[in-house]
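Trainee: Make a model of this:
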Amino acid sequence: MSDLEIPLWFEIGSYVVLGLILLTDLVIAYRRPHVPSTRESALWVIFYVALALVFAGLMLALGDAEHAGQFIAGWLTEYSLSIDNLFVFVIIMASFKVPRKYQQEILMVGIILALVFRGIFILLGAAIIENFSAIFYLFGLFLIYTAYTQAFGKDHNEENESRIIGFLRKRIRITDEFDGNKIRTVIDGKKTFTPILLVFIAIGSTDILFALDSIPAIFGITTSPFIVFTANIFALMGLRQLYFLLGDLIDRLVYLKYGIAFILAFIGVKLFLHALHENELPFINGGEHVEWAPDIDTFASLAVIVASMAVATIASLIKMKRDPNLPDPKDALKPRTDEDAETK
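Mentor: Purely as a prediction, here's the structure:
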């Protein structure tokens, strides 16, 4: 987890280019609300994945293999956690009965909110690590606990969310009907909010919870704020298109949550071992480094992350193929057009 030294122009240029891409995606989603076809979604996802790999290549050329590997491992970890985000987005969209043609705009707003929240937590995390290295003990324990709840706990606390929604409905005038993609509309001459406001609040609150999980996870791979933030940006870019690309398959990948839980547990253990290896706490081994604690390298972490997601995805597809109660993966991923989606 050594410090990364790359040209300042590359850092600034990366943020500018990524910001422009996100802005363009946001404008497209707002000005042309529609349900992306399978082909359109696939092309966008491929573009963003290729862009991340190109960025990793530039990191290799301007930095070194270690930090390029840290970026890929961090990107894949955040990507897997972002896919987990999509499961919750599916629940939120379904519970509020959001028209599919407006879902991509809402998803884009959710992605922007996620970036803002993660940016805040990244800055806080970097500052804490700089001044309190023993935080890795807490990060490690937190991720192990999160892994347990991911595998065996509830994915989405609908009871708490319904309380929040009920609280808002009692204090804010909110209609039950959508008015296009408007947050506010006029009914009987009075201005009122539409359900989109509630959807934004629900997505924003889940973004905060996922940021709490994802930031400690990636700091277990690298302590470079630049790598942490760019990995998060690349993981969130294309998430909107991935939502439509996976379609009905997204909530059928039954073993994906176990793959994500294993990754979180692995990184949690890695963080705890790293904390022991660099120990400075006086009540642990007299404040001395624990020699037997291994420091797991970046490429071992990358191998574990890739293998975990591959096994979880393949196992889910096999179960779909064999279980008559689940749709065939080919049917879930069949090409869709805007007209097809409107009939759902």
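Trainee: Which residue comes closest to Thr222 once chain neighbours are left out?
Mentor: Gln70 (4.0 Å; C-beta to C-beta, 6 or more residues apart in numbering). (C-beta placed from N, C-alpha, C; glycine too.)
Trainee: same question, Asp213
Mentor: In space, Asp213 is closest to Thr146, 5.2 Å off (C-beta to C-beta, 6+ apart).
Trainee: Would you confirm that the one you found contacts Leu264?
Mentor: Yes - using C-beta atoms under 8 Å, Thr146 is in contact with Leu264, at 5.4 Å.
Trainee: who's more crowded, these two?
Mentor: Leu264 (30 against 22; other C-beta atoms under 10 Å).
Trainee: where's the more buried one relative to Tyr243, distance?
Mentor: Leu264 sits 22 Å away from Tyr243, going by C-beta to C-beta, to the nearest Å.
Trainee: re the thing from before, show me the common contact partners of Thr146 and Leu264, please.
Mentor: Counting by C-beta atoms under 8 Å, 6 or more residues apart in numbering, the residues touching both Thr146 and Leu264 are Asp213.
Trainee: Need the contact partners of stretch 268-283.
Mentor: 1, 133-134, 136-137, 139-144, 146-147, 216, 219-220, 284-285, 287-290, 293-296, 301.
Trainee: er, stretch 93-110 actually
Mentor: The contact list for stretch 93-110, computed with C-beta under 8 Å, 6+ apart, reads 25-26, 29-30, 33-36, 89, 92, 158, 178, 180-181, 195-196, 198-200, 202-204, 207, 239-240, 243-244, 338, 341-342, 344.
Trainee: Figure out how far it is from the centre of its chain.
Mentor: 17 Å (C-alpha atoms, centre = their mean, to the nearest Å).
Trainee: buried sites along stretch 209-216?
Mentor: Residues Phe210, Ala211, Asp213, Ser214, Ile215, Pro216 are the ones in stretch 209-216 that count as buried (16 or more other C-beta atoms under 10 Å).
Trainee: swap in stretch 107-117?
Mentor: Applying 16+ other C-beta under 10 Å to stretch 107-117 flags Leu107, Met108, Val109, Gly110, Ile111, Ile112, Leu113, Ala114, Leu115, Phe117 as buried.
Trainee: Stretch 83-98 now?
Mentor: For stretch 83-98, the neighbour count (16+ other C-beta under 10 Å) marks 83-93, 95, 98 as buried.
Trainee: before we move on, back to that, just the ones of the contacts of stretch 268-283 in helices?
Mentor: Judged by DSSP state H, helices contain the following of these: 136-137, 139-144, 146-147, 216, 219, 301.
Trainee: And the helices in the stretch 1-150 of the chain?
Mentor: Secondary structure of the stretch 1-150 of the chain (DSSP state H, counting those that start in this stretch): helices located at 8-31, 38-62, 65-95, 100-131, 135-152.
Trainee: how about the ones in helices among the contacts of stretch 268-283 in JSON lines, adding distance to Ile227 and pLDDT?
Mentor: Formatted as JSON lines, the ones in helices among the contacts of stretch 268-283 follow (distance: C-beta to C-beta, whole Å; pLDDT from 0 to 100):
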{"residue": "Phe136", "distance to Ile227": "17", "pLDDT": "83"}
{"residue": "Tyr137", "distance to Ile227": "22", "pLDDT": "85"}
{"residue": "Phe139", "distance to Ile227": "16", "pLDDT": "86"}
{"residue": "Gly140", "distance to Ile227": "19", "pLDDT": "86"}
{"residue": "Leu141", "distance to Ile227": "24", "pLDDT": "89"}
{"residue": "Phe142", "distance to Ile227": "21", "pLDDT": "87"}
{"residue": "Leu143", "distance to Ile227": "18", "pLDDT": "87"}
{"residue": "Ile144", "distance to Ile227": "23", "pLDDT": "90"}
{"residue": "Thr146", "distance to Ile227": "21", "pLDDT": "85"}
{"residue": "Ala147", "distance to Ile227": "23", "pLDDT": "87"}
{"residue": "Pro216", "distance to Ile227": "15", "pLDDT": "85"}
{"residue": "Phe219", "distance to Ile227": "10", "pLDDT": "87"}
{"residue": "Ser301", "distance to Ile227": "13", "pLDDT": "87"}
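Trainee: Filter those down to just the buried residues.
Mentor: Using 16+ other C-beta under 10 Å, the buried ones in the ones in helices among the contacts of stretch 268-283 are Phe136, Tyr137, Phe139, Gly140, Phe142, Leu143, Ile144, Thr146, Ala147, Pro216, Phe219, Ser301.
Trainee: could I get the residues you listed as JSON lines with distance to Ala52?
Mentor: Shown next, in JSON lines, are these (distance: C-beta to C-beta, whole Å):
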{"residue": "Phe136", "distance to Ala52": "26"}
{"residue": "Tyr137", "distance to Ala52": "31"}
{"residue": "Phe139", "distance to Ala52": "24"}
{"residue": "Gly140", "distance to Ala52": "27"}
{"residue": "Phe142", "distance to Ala52": "27"}
{"residue": "Leu143", "distance to Ala52": "23"}
{"residue": "Ile144", "distance to Ala52": "28"}
{"residue": "Thr146", "distance to Ala52": "24"}
{"residue": "Ala147", "distance to Ala52": "25"}
{"residue": "Pro216", "distance to Ala52": "22"}
{"residue": "Phe219", "distance to Ala52": "19"}
{"residue": "Ser301", "distance to Ala52": "17"}
